[in-house]
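# generate coordinates for the sequence data below:
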Amino acid sequence: MQTIEDFFFVSFTRQTNLKPSSMNRLFSFFSITILSITLLVSCHKQVLPPSPVLPVPTDSQLAWHEMEQYAFVHFTTNTFTDKEWGSGDESEKVFNPTAMDVTQWTKTIHSAGLNGLVLTCKHHDGFCLWPSRYTEHSVKNSPYKNGKGNVVDEVEKACRAEGLKFGVYLSPWDRNRADYGSPSYVEYYRNQLKELFAAHSPVFEMWFDGANGGDGYYGGAREKRQIDGKTYYDWPTTLKLIRGMEPNVIFFSDAGPDIRWCGNESGYIGETNWNTISTDTLYAGKSGINSLLNSGEENGTNWIPAEVDVSIRPGWFYHAKEDSLVKSPEQLFNIYLSSVGRGSNLILNIPPDRRGLINEIDVASLQGWKKLIDERFKTNLALNKPVTASSVRSGSPVYGASMITDGNKETYWATNDQDKTGNLEIDLGGKKPISYILVQEYIKLGQRVKSFSVELEINGSWQEVAKGTTIGYKRIIRINPAEAQKIRLVINDSKACPVISNVEVY
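Numbers count the residues shown, from 1 in each chain. As a prediction, the model looks like this:
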């Protein structure tokens, strides 16, 4: 059998007039070169990636992280009674939007840079925005479209047309139901979930509110009822039911199981934000729960990242008296930095008014917010710029410094396993005005960084301009504006060798 070397030798000899001795020397040179290249490639192939730092996100959680921000829409009888929490005794007749246009909602939301919409299909008052077969307290008994309307269906179709993902909220608490607090209500609740998920798919997120029990109409009883939030709903059975219908749905509640509450409704997650947390420490009402939810746990046993929920208005439903209190574009931008900019997703509530439209004041604020984001993050000064690193994993270009500026989210810089510190230096090619630095970890291998700092070379010396703790999926650091040609990211401490996938400079 002829070897590759024999084939190369015979073929090349026939095509040249070289003497056999010269040919042998030339062939030796080529053989050594080919062997060297083969060994080099083989060596690089054998450089294994870092082992994951458990836990790591699921594919569904990764897709959720990449959404970054989306809208919450609170709309029910409360919109027309000027309440935040309806008692459950509201007449279905009060639900009567005069100029309903869900396409205006989705176009407004999409143009603001939001990637999805979660609709309050039923709030605590129990009024259903779809014609549920299990209750008369629904849109089917309202004047809206003479009782033939289905707001949930209309919003879902508008979302699909606009390229938005669709999510649902169904309050576990129901102040209208006479049987709330008994086993039959749990059956009723599950039946409504089955109605929703059978009619609407895909659903990217299911939102479960933490408010459970209190004063209510309860079918005329008008009393206060309390339930045991840990056991009453039998959540494992309910979640299994939904997951069987929608395998990729992400569940939100105080404790997950897929994403957690951030511990406040003010629009921020902590400066230290671990995506990991231990579920055995979490349940609604536990002392110190809000602080724990806000920071996560460095050594948490489950990947349950935080979602920051906040309204563009003081309340969650539209109230005309709050028209002068709509958050400004700059306020929304600050919320963006303290949520998405700290590795969490932002769900921004945008409530329609009594016409069934997102109010002009809210629209203007959203447009101004989007303009600020577009202007301030217009040009990535670091894209494809040269980078040097303090060290590279086994010297392999696969994990080289340039991976952080190549614009590819699947490549990353990594160090050897024993190296839990390191730095990356980016040369911008000339002095540039700098205000923001964006950093991302390759979270498919877990969250690692515990401490970092940012330095700029100013007047020939390195000056620290920012420092922080966690990075996670994304960290945006705002600094006092400065001019510099070189920027350095310093990893001061990490749970394991750092894996940084992206650095951007604006």
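
# quick check, pLDDT for residue 304.
At residue 304, the model reports a pLDDT of 97.

# what residues are up against it?
Shown in contact with residue 304 (Cβ atoms under 8 Å, 6 or more residues apart in numbering): 255-260, 275-277, 279, 296. Where C-beta positions appear, they are placed from N, C-alpha and C, glycine not excepted.

# strands of the stretch 201-350 of the chain, residue ranges please.
Residue ranges of the strands in the stretch 201-350 of the chain, as given by DSSP state E, counting those that start in this stretch, are 205-207, 214-216, 223-225, 250-253, 259-261, 276-277, 302-303, 306-311, 345-349.

# let me have these in a markdown table, adding distance to residue 321 and mean neighbour count as columns.
Below are the strands of the stretch 201-350 of the chain laid out as a markdown table (distance: least, Cβ to Cβ, whole Å; neighbours: other Cβ atoms under 10 Å):
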| stretch | distance to residue 321 | mean neighbour count |
| --- | --- | --- |
| strand 205-207 | 26 | 24 |
| strand 214-216 | 24 | 17 |
| strand 223-225 | 28 | 12 |
| strand 250-253 | 30 | 23 |
| strand 259-261 | 28 | 24 |
| strand 276-277 | 38 | 24 |
| strand 302-303 | 42 | 21 |
| strand 306-311 | 14 | 23 |
| strand 345-349 | 17 | 25 |
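
# out of the ones you listed, flag the one nearest residue 320.
Ranking the strands of the stretch 201-350 of the chain by proximity to residue 320 (Cβ to Cβ) places strand 306-311 first, at 15.3 Å.

# gap between the closest one and the chain center?
Centroid displacement of strand 306-311 relative to its chain, using Cα atoms, centre = their mean, to the nearest Å, is 11 Å.

# what stretches of this structure score poorly on pLDDT?
Along the chain, segments meeting pLDDT under 70 span 1-45, 281-287.

# what's the closest of the contacts of residue 304 to residue 467?
residue 296 (19.3 Å).

# and for the closest one, the neighbour number?
27 (other Cβ atoms under 10 Å).

# OK, contacts around the spatially closest residue to it that is not a sequence neighbour?
Closest residue to residue 296 apart from its sequence neighbours, by Cβ to Cβ, 6 or more residues apart in numbering: residue 274 at 3.2 Å. The neighbours of residue 274, taking Cβ under 8 Å, 6+ apart as the test, are 295-298, 300, 447, 470, 472.

# most surrounded residue in those?
That'd be residue 447 among the contacts of residue 274, by other Cβ under 10 Å, with 29 neighbours.

# could the strands of the stretch 201-350 of the chain be laid out in TSV, adding distance to residue 115?
Shown next, in TSV, are those (distance: least, Cβ to Cβ, whole Å):
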stretch	distance to residue 115
strand 205-207	11
strand 214-216	34
strand 223-225	38
strand 250-253	13
strand 259-261	15
strand 276-277	24
strand 302-303	21
strand 306-311	13
strand 345-349	10
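
# what helix or strand is residue 64 on?
Assigned by DSSP states H and E, residue 64 belongs to helix 59-67.

# would you state the strands of the stretch 51-200 of the chain in chain order?
Under DSSP E, counting those that start in this stretch, the stretch 51-200 of the chain gives strands at 69-73, 116-122, 165-170.

# what's the offset of the first one from the middle of its chain?
This points to strand 69-73. With Cα atoms, centre = their mean, you get 11 Å for strand 69-73.

# now for that strand, which elements pack on it?
helix 102-111, strand 116-122, strand 165-170, strand 345-349 (3 or more Cβ pairs under 8 Å, 6 or more residues apart in numbering; DSSP states H and E).

# and if you look at the longest one?
Judged by 3+ Cβ pairs under 8 Å, 6+ apart, the packing partners of strand 116-122 are strand 69-73, helix 102-111, helix 151-162, strand 165-170, strand 205-207.

# what does the last one contact?
What that stands for is strand 205-207. Taking Cβ under 8 Å, 6+ apart as the rule, strand 205-207 contacts 64, 72, 116, 118, 165, 167-170, 242, 246, 249-252, 259.

# let's see 7 Å
118, 167-169, 242, 249-252 (Cβ atoms under 7 Å, 6 or more residues apart in numbering).

# with respect to residue 56, which of the residues you listed is nearest?
Nearest member of the contacts of strand 205-207 to residue 56, counting by Cβ to Cβ, is residue 250, at 15.7 Å.

# residue contacts, residue 69?
113-115, 340, 345-346, 348.

# one more pass at 6 Å, please.
114, 340, 346 (Cβ atoms under 6 Å, 6 or more residues apart in numbering).

# please apply the same query to residue 265.
Counting by Cβ under 6 Å, 6+ apart, residue 265 has contacts residue 310.

# apply 10 Å and report the result again.
Counting by Cβ atoms under 10 Å, 6 or more residues apart in numbering, residue 265 makes contact with 308-311, 316, 349.

# ditto for residue 442
Counting by Cβ under 10 Å, 6+ apart, residue 442 makes contact with 49-50, 403, 409-414, 448, 473, 498-502.

# just give me the closest of the residues you listed to residue 425.
residue 413 (11.6 Å).

# what pairs with that closest one across the strands?
Beta-bridge pairing for residue 413 (DSSP bridges): residue 500.

# how many neighbours does it have?
There are 27 residues near residue 413, going by other Cβ under 10 Å.

# so it versus residue 47, what's the distance?
13 Å (Cβ to Cβ, to the nearest Å).

# go on, residue 445?
For residue 445, the distance to residue 47 - Cβ to Cβ - is 15 Å.

# what does residue 249 give?
Residue 249 is 38 Å from residue 47, by Cβ to Cβ.

# which one's more surrounded, the two?
Neighbours per residue (other Cβ under 10 Å) separate residue 249 from residue 47, with residue 249 holding more: 20 against 16.

# residue contacts, the more buried one?
Contacts of residue 249 (Cβ under 10 Å, 6+ apart): 60, 167-168, 197, 201-206, 239, 242-243, 258.

# what's the closest of these to residue 126?
Taking the contacts of residue 249 together and measuring to residue 126 by Cβ to Cβ, the closest member is residue 168, at 15.6 Å.

# residues touching the closest one, list them.
117-122, 129-130, 152, 155-156, 193, 196-197, 200, 203-207, 242, 246, 249.

# okay, it and residue 436: tell me how far apart.
35 Å.

# tell me how far residue 151 lies from residue 224.
30 Å.

# endpoints of stretch 143-152, how far apart?
Stretch 143-152 has an end-to-end distance of 16 Å (Cα to Cα, to the nearest Å).
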